[in-house]
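Q: test case, fold it:
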Amino acid sequence: MKVSVIVPLYNEEKTIVNILSKIQDEIIKLDKFNFEIIVINDGSNDNSKKLLEENPSLYNTLISLSDNRGKGFAIREGLKKVSGEIILIQDADLEYLPHNYKNLLEPFKEYNADVVYGSRLVYGEIHRVLFFWHVIANKIITFCSNLFTNLNLTDVETGYKVFKSDLLKKIDLKENSFAFEIEVTQKIAKIKPKLIIFEVGISYFGRTYNEGKKIGFKDAIYAIIAIFKYSF
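A: Numbers count the residues shown, from 1 in each chain. Okay, here's the model as predicted:
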């Protein structure tokens, strides 16, 4: 079974080599899967592109966009190069670490899953303690999403989303921003017959804004708008 890891990034010069190295270290252990790494440099204006070009052994495909278009747009560009049966989305910071891959991929191998979400709120794995209001906002957004999808997810905004490739490629994705997280969830919930969806607990090492965290209050507003936009 081949897994395509899509890595969208914007201005992650401090972490991009580290995260790609960690991916390489992890996939060596998962010998039941083959991997390809597709990196999308989303118009970074720091040294991210230079570092990627200096370390070609850490990935299979590099897509460099001239302008910053957003996470959703970068993922769509990555989908054009995918050849694996499974697509795993990996953020380029160090909030989500590849040692979670085993748990994320297990439902595909053992239970014929169509979709797997890695939840930061299903505890049992190590978590860095950060912002109370971020957790509350996530729970509100997840509740609103579940209300319209009739799913019982605990973390709709998670960065770890994994899909069967043929499924994700068939979805007409439109969002360029972080609202991708909501759009794809609302759309997979509408697919008939119902998909086999799993959630697994993951470790999470959230960043502060001083450390480079990008998602903020306006993204929470966009998420709520996207829930209504794609539910009706």
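Q: all helices of this protein, in order?
A: For the chain, applying DSSP state H gives helices covering 16-29, 48-54, 71-79, 101-111, 132-149, 165-170, 180-189, 217-231.
Q: looking at the protein, which helix or strand is least sure?
A: Scoring the helices and strands of the chain by mean pLDDT, DSSP states H and E places helix 217-231 at the bottom, with a mean of 89.
Q: still on that earlier bit, compare the helices of the chain and give me the one nearest Arg120.
A: helix 132-149 (8.1 Å; C-beta to C-beta). Placement of C-beta: from N, CA and C, glycine included.
Q: can I get that closest one as PDB, trimmed to CA atoms?
A: C-alpha atoms of helix 132-149 as PDB (Å, rounded to 0.1, in the frame of the first residue of the first chain):
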ATOM      1  CA  PHE A 132      -7.600  27.400  26.800                       C
ATOM      2  CA  TRP A 133      -9.700  29.600  24.400                       C
ATOM      3  CA  HIS A 134      -8.200  27.800  21.300                       C
ATOM      4  CA  VAL A 135      -9.600  24.500  22.700                       C
ATOM      5  CA  ILE A 136     -13.000  26.100  23.400                       C
ATOM      6  CA  ALA A 137     -13.100  27.600  19.900                       C
ATOM      7  CA  ASN A 138     -12.200  24.200  18.400                       C
ATOM      8  CA  LYS A 139     -14.900  22.400  20.500                       C
ATOM      9  CA  ILE A 140     -17.500  25.000  19.300                       C
ATOM     10  CA  ILE A 141     -16.500  24.600  15.700                       C
ATOM     11  CA  THR A 142     -16.500  20.800  16.000                       C
ATOM     12  CA  PHE A 143     -19.900  20.800  17.600                       C
ATOM     13  CA  CYS A 144     -21.400  23.000  14.900                       C
ATOM     14  CA  SER A 145     -19.800  20.900  12.200                       C
ATOM     15  CA  ASN A 146     -21.100  17.700  13.800                       C
ATOM     16  CA  LEU A 147     -24.600  19.200  14.100                       C
ATOM     17  CA  PHE A 148     -24.800  19.400  10.300                       C
ATOM     18  CA  THR A 149     -22.800  16.300   9.300                       C
END
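Q: please list the residues outside that helix that contact it.
A: Residues outside helix 132-149 that contact it (C-beta atoms under 8 Å, 6 or more residues apart in numbering) are 121, 151-157, 182, 185-186, 189-190, 206, 217, 220, 223-224, 227, 231.
Q: quick check on these: which are buried?
A: Applying 16 or more other C-beta atoms under 10 Å to the contacts of helix 132-149, the neighbour count classes 121, 151, 153-157, 182, 185-186, 189, 206, 220, 223-224, 227 as buried.
Q: least confident pick among these?
A: Among the buried ones among the contacts of helix 132-149, Gly206 carries the weakest pLDDT, at 76.
Q: as JSON lines, the helices of the chain with distance to Ile38 would be great.
A: Converted to JSON lines, the helices of the chain look like this (distance: least, C-beta to C-beta, whole Å):
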{"stretch": "helix 16-29", "distance to Ile38": "11"}
{"stretch": "helix 48-54", "distance to Ile38": "12"}
{"stretch": "helix 71-79", "distance to Ile38": "5"}
{"stretch": "helix 101-111", "distance to Ile38": "15"}
{"stretch": "helix 132-149", "distance to Ile38": "27"}
{"stretch": "helix 165-170", "distance to Ile38": "12"}
{"stretch": "helix 180-189", "distance to Ile38": "16"}
{"stretch": "helix 217-231", "distance to Ile38": "24"}
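Q: to Leu65, which of those helices lies closest?
A: Nearest of the helices of the chain to Leu65, taken as C-beta to C-beta: helix 71-79 at 6.8 Å.
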